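Asker: fold the following for me, if possible:
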Amino acid sequence: MAAIKRRIMRFPLILLLLVAALTKLETARADGIDRENDDEISQHDDEDEDVNFPIIRQPDPASFPTLATPSRTGNKPPPLSQEKLAQFRADREKKMVEALKRKGVPDNKIRDRRDGKILLPNPDRKKKIPLRKKIKARARGYNRVKREGGLAGVLFPGVSPEEYEEDEEIPLWVDLVESEKAQVPYRFYDLPVCEGPSAQKTAKYRKNLGAKLAGHNTQPSPYEVFVKRDMFCTVLCTVTATPREMRKMMKLVERRYRVNISVDSLPVLLKNSELKYAVRGYPVGFKAPPSHFGLGEGTNTYFLYNHVRFVISYRESPEFNGVRIVGFEAIPVSIRHDVTKDSVNTCNAITPVENNIHTLLPITSSRDPTEITYSYEVEWVERPDVFWSNRWDVYMVGAPNDKVHTFAILNGLLVLFVLTISVAIIMVRTLRKDILQYNELELEEGMEETGWKLLHGDVFRPPKHFPKILCVAVGTGMQIFATFVLVILASICGFISTMDKGQTLTSIIVLYIASGGVAGYTSARLSKFMDDSDWKRNTMLTATAFPGVLVAMFMMLNIFLKFEKAATGVGFFTIVLMFLLWVCISTPLVFLGAYFGYKADKISIPVKTKQVERAIPDEGILLIRAPYSMLICGFLSFGSSMLEILIILNALWLHHIYYIMGFLLIVVFVLAATCAEVSTVVTYLQLCSQNHRWWWNSFWNGASVGIYLMLYSFWFGSSKLQLIGFLPILTYTTYMVMMSLTLGLFCGSMGFLSSMYFTIKVYGAVKCD
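Answerer: As a prediction, the model looks like this:
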């Protein structure tokens, strides 16, 4: 009993020391990442529901452009006089020529552009290197940094700088077109856009299993960008979109989809210093009410962004050779190009391309095909004040910092401290008094046993209902716990980058498969303890039950995703790969763990089980009976980690950046300790009420955390995401059910094992006949 007391009183001190050490480690690690932005730009990932046109009413920075409209009446601005237009063109030509001469462009390397007689550099003055060789060179540089500088140089973007030469072609990479309101991403080239470089001319990055499951398919974009070469409006192509494709684009605009493009591993950013916002990706288009255009009552008007102005910030220094990219912004423009037979009058070096209420490109739902002309321009801006190490600062603004994580941990530690004090009072005072009374006082003749000692002949009786399922559930929960710890430790040590969601998902799957032996061993030990002779079925269920449920749910969802042609729809070969991993690796590891589990000695118990089961009285405390005990235990356990769960949900569904993994490790241990203590207290109260069926109750008391997570996800989806459509709701619900089931198994196994350890120790401390 003294040993139990010392362990209980020592537990909070150990947790406090662990929190102090990891907090110091994470603060030092995030020192160069989580700092205030110089421009004081705040990140708004949660968009308003009421959408109005920006100039007229409430600006929606995520969906609307800033229109160059001088009046609200809809009248056209007065045209420029011929003298002012000629002066404007002359000044523009003079500035362009001066800029070209400052760059050292010789006169014999300057060509004449006929459409505006503007002198521009000849793009053929330097031999162009194929994009395929550029990509292979980047891959060789990546491997060189990995060999020479270690893994730390390539885990987080911005750690290993890369220099580019002037006029060198830089590939822009396109990824998913995704939305927070629809959680069903699409591939960029599945939309009616310009075709990019073919697979034969470019080398693709090899995708891992996690990237395939998440739908990530990074491909070269159709845009051509050269270092420090400003490009005026350049026409990409003209695409003929079918009515079905236009209806799809209208749906994407309605659900606020964004295009994700990156350069030098830096995502594109849409920001405005005046409105104080910054979001990743630029929208496909925007929606405006008809009243803004004087159309009266009717449906909303949709417009498409077909022109993008890329602003790339760079830094030059004598400390290194070349140019380092420190910023990547995009300014989308909706313009109805004036296309003629030989040229595009609205896309040249003279006419500025900007959002104007009279030249917007509407998305119509007519039955005739629609021609869309795509264009872009590039502007290079030197930023000597922005260093390579802090180019990610603007992406971190708005994300939870170490102070928020510290508050979440303190909240969990406060709940854990209160529970620890409660357990200490029960163990040290009440339980100690009971044990002394049972051991030191001699029972008089005819005096019956009372309290929890009365159940010594039934407390270790195996559960009557589904004992094999209980063994499988506890074994799977321990496998999940081992996976959590291994993934977090690997991330803390720098082997996993949380910035790469595909790599993180692959690591979770691989480490879960590698932890199959833990599930087999735990399930086998419990099965042997319950005298279960059918070890083959128990081991097979341990290897197939939980993965089978997840795969079945995923396959049902995959049917809808493939029908919708979403990017997250998994192909046949990926499914075969998952099946082979399951059958050839995971299942043998489970059987290997079960072999050692059955080979180990049976768990010894201090008392003997009677042949006749004791009846359970109807009287007792109502709150310690299921389902009331589940509600109380789940509430306390979920409350200890609710803030961190909210941060994780924001990272998963709102695309926030989550990188402080040391705090997550503390939260996992706090949650496990909370579930263990709560379940132990309820089990003791249940035994005092002469209810010896504690097996399933102790498991459900911990597993009820998964129910609270599912209820919490309903609030999160309705208030934060505001999902639109059947498939987005189905996708979100399916993945949240998977997460809730996973968390429930983990917490349930913690509650059951702690209650089992408590019961063995307590009944081993009393003298029973």
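
Asker: mind checking what secondary structure Tyr374 has?
Answerer: strand (DSSP: H, G, I helix; E, B strand; the rest coil).

Asker: go ahead and confirm it touches Tyr305.
Answerer: No - with contact defined as C-beta atoms under 8 Å, Tyr374 does not reach Tyr305; the gap is 9.7 Å. Backbone N, C-alpha and C define where each C-beta goes, glycine included.

Asker: which other helices and strands contact the longest helix seen in the chain?
Answerer: The residue-count maximum for a helix in the chain (DSSP state H) belongs to helix 726-764. Judged by 3 or more C-beta pairs under 8 Å, 6 or more residues apart in numbering; DSSP states H and E, helix 726-764 is in contact with helix 467-492, helix 535-564, helix 661-688, helix 695-716.

Asker: would you single out the least confident of those?
Answerer: For the helices and strands packed on helix 726-764, mean pLDDT drops lowest on helix 661-688, to a mean of 86.

Asker: what angle separates that helix from helix 726-764?
Answerer: 60 degrees (axes from the mean of the first three to the mean of the last three C-alpha atoms, to 10 degrees).

Asker: returning to what we had before: let me see the mean pLDDT of the longest helix of the chain.
Answerer: 90.

Asker: then stretch 382-394?
Answerer: 81.

Asker: so how far does it reach from one end to the other?
Answerer: Start-to-end span of stretch 382-394 (C-alpha to C-alpha, to the nearest Å) is 17 Å.

Asker: tell me if I am right that Arg244 is in a strand.
Answerer: No - according to three-state DSSP, Arg244 belongs to no strand; its state is helix.

Asker: okay, now it: neighbour count?
Answerer: 9 (other C-beta atoms under 10 Å).

Asker: quick one: closest of the helices and strands packed on helix 726-764 to Ile724.
Answerer: Comparing the helices and strands packed on helix 726-764 against Ile724 with C-beta to C-beta, the closest turns out to be helix 535-564 (13.8 Å).

Asker: which neighbouring elements make contact with the next helix or strand after that closest one?
Answerer: For helix 535-564, the succeeding helix or strand toward the C-terminus, using DSSP states H and E, is helix 572-581. Judged by 3+ C-beta pairs under 8 Å, 6+ apart, the packing partners of helix 572-581 are helix 209-214, helix 535-564.

Asker: report the buried residues of helix 572-581.
Answerer: Buried positions in helix 572-581, judged by neighbour count with 16 or more other C-beta atoms under 10 Å: Met578, Leu581.

Asker: same check, this time on stretch 264-284
Answerer: Buried residues in stretch 264-284 (16+ other C-beta under 10 Å): 264-271, 277-284.

Asker: lowest-confidence entry in these?
Answerer: Out of the buried residues of stretch 264-284, that is Tyr277, at 72.

Asker: just checking, that one touches Leu269?
Answerer: No - in this structure Tyr277 lies outside contact range of Leu269 using C-beta under 8 Å: 10.3 Å.

Asker: Leu266: what's it in contact with?
Answerer: Contacts for Leu266 were tallied using C-beta atoms under 8 Å, 6 or more residues apart in numbering; they are Pro157, Ile325, Gly327, Phe328, Arg391.
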